[in-house]
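Trainee: missing the sequence, but the structure's below:
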């Protein structure tokens, strides 16, 4: 995973890309093909061969050729024209929380001859600013899942990864992608497409005029009973910065421990403070930095705060 943290603003008008790698394929008898290498925070694709392997990660596709899942469910494999591997399980997000999990890998196809390996899951990118996050019209944040290796026993697509944006204010005029990878395909069969990823905007004010693409990948065993890969999940959550008051602590006399006279921050909402160094600490002579972390009781509505 990659995280960018700022005590003020974050402004981006370029590209941040952690896409999952593509699976490989072979068309000769014997052996197999390795799954796509994992991305930062994402899972690797499964091996394709006479004995295929599932994709890595909590939503990894199942043998044979199942698409990986994440925010959206992947598709079943269609190895050599037959219903085959199941998609992986959904994971990594609730209505108010997104975990730092990337996409999962698609399963490898299973065959002695024309077979593909699974695509890797997309990675994880988090932007966290004390004030604002500004994504310009030229910006692109991409955590797409990788395509499965193309063959009649194709590999499953990797699922889209995770993008987390947290600030007081978020403005997005660019593009954010967390697409599922396509299943590896051939006229005689395919792997299942990967499910879309997860994007979270968490701020007091959110202005989104850009493009967010969390589409599920194509291909797999799809009919009226078996669905194509599903789109991912976009969460727009308004949360607020609680009021914190921590006046300049009085000086300590050498030999005195830290007390509530210094560690006396207050908040306008319910919650708890954790101090570093803690109550009772003795210092050597000189200047020292005190840190307070406030954790609100209602973490859905209010943001955690750190003060120095």
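Mentor: Happy to help now that I have it. Remember, predicted model here, so these are calculated numbers, not experimental data. Numbering: from 1, shown residues only.

Trainee: what about the spatially closest residue to residue 304 that is not a sequence neighbour, which helix or strand?
Mentor: Ranked by C-beta to C-beta, 6 or more residues apart in numbering and with sequence neighbours excluded, the top spatial neighbour of residue 304 is residue 295, at 5.5 Å. Glycine gets a C-beta too; all of them are placed from N, C-alpha and C. According to DSSP states H and E, residue 295 maps onto strand 291-296.

Trainee: ok, the nearest residue to residue 231 once chain neighbours are set aside to residue 253 distance?
Mentor: Nearest residue to residue 231 in three dimensions, chain neighbours excluded: residue 196, at 4.6 Å (C-beta to C-beta, 6+ apart). Computed as C-beta to C-beta, to the nearest Å, the residue 196 to residue 253 distance reads 60 Å.

Trainee: now residue 69
Mentor: Taking C-beta to C-beta, one finds residue 69 at 61 Å from residue 253.

Trainee: Find the residue at the geometric middle of the chain.
Mentor: residue 162 (2.1 Å; C-alpha atoms, centre = their mean).

Trainee: can you pull the contacts of it?
Mentor: Counting by C-beta atoms under 8 Å, 6 or more residues apart in numbering, residue 162 touches 41, 70, 92, 98-103, 122-125, 143, 178, 197-200.

Trainee: Just the buried residues from those residues, in ChimeraX please.
Mentor: The buried residues among the contacts of residue 162 can be selected in ChimeraX (16 or more other C-beta atoms under 10 Å) with this line:
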select :41,70,92,98,101,102,103,122,123,124,125,143,178,197,198,199,200
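
Trainee: Report the mean per-residue pLDDT for the strand holding residue 295.
Mentor: In this model, strand 291-296 carries a mean pLDDT of 92.

Trainee: Give the partner strands of that strand in its sheet and their orientations.
Mentor: The pairing partners recorded for strand 291-296 under DSSP bridges are strand 271-276 (antiparallel), strand 305-307 (antiparallel).

Trainee: Export the ones you listed to a markdown table and append columns for mean pLDDT and distance to residue 16.
Mentor: Formatted as a markdown table, the strands paired with strand 291-296 follow (pLDDT from 0 to 100; distance: least, C-beta to C-beta, whole Å):
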| stretch | mean pLDDT | distance to residue 16 |
| --- | --- | --- |
| strand 271-276 | 95 | 31 |
| strand 305-307 | 86 | 24 |
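
Trainee: out of these, which comes closest to residue 208?
Mentor: strand 305-307 (24.6 Å; C-beta to C-beta).

Trainee: what about that closest one, distance to the chain center?
Mentor: Computed by C-alpha atoms, centre = their mean, to the nearest Å, the chain-centroid distance of strand 305-307 equals 25 Å.

Trainee: what about this structure, any weak spots by pLDDT?
Mentor: The model of the chain has pLDDT under 70 over residues 95-97.

Trainee: picking that back up, now render the strands paired with strand 291-296 as JSON lines, adding mean neighbour count.
Mentor: Formatted as JSON lines, the strands paired with strand 291-296 follow (neighbours: other C-beta atoms under 10 Å):
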{"stretch": "strand 271-276", "mean neighbour count": "14"}
{"stretch": "strand 305-307", "mean neighbour count": "15"}
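
Trainee: For residue 134, find the nearest of the ones you listed.
Mentor: Of all the strands paired with strand 291-296, it is strand 305-307 that lies closest to residue 134, at 21.4 Å by C-beta to C-beta.

Trainee: outside of that closest one, which residues touch it?
Mentor: 241, 242, 244, 246, 265, 291, 292, 293, 294.

Trainee: who touches the first one in this structure?
Mentor: Taking C-beta under 8 Å, 6+ apart as the definition of contact, the neighbours of residue 241 are 168, 204, 302, 303, 305.

Trainee: Tell me which residues touch the closest residue to residue 190 other than its chain neighbours, please.
Mentor: Of all residues not flanking residue 190 in the chain, residue 219 sits nearest, at 4.0 Å (C-beta to C-beta, 6+ apart). Residues near residue 219 by C-beta under 8 Å, 6+ apart: 75, 78, 154, 157, 182, 183, 184, 185, 190, 191, 192, 193.

Trainee: Give me the phi and psi angles of the last one.
Mentor: Main-chain dihedrals, residue 193, degrees, to the nearest 10: phi -70, psi 150.

Trainee: Also residue 48?
Mentor: Here is the backbone geometry of residue 48 (degrees, to the nearest 10): phi -110, psi 130.

Trainee: what's the answer for residue 290, then?
Mentor: According to degrees, to the nearest 10, residue 290 has phi -100, psi 140.

Trainee: Does it touch residue 263 like I think?
Mentor: Yes: applying C-beta atoms under 8 Å as the test, residue 290 and residue 263 come out as touching, 7.4 Å apart.
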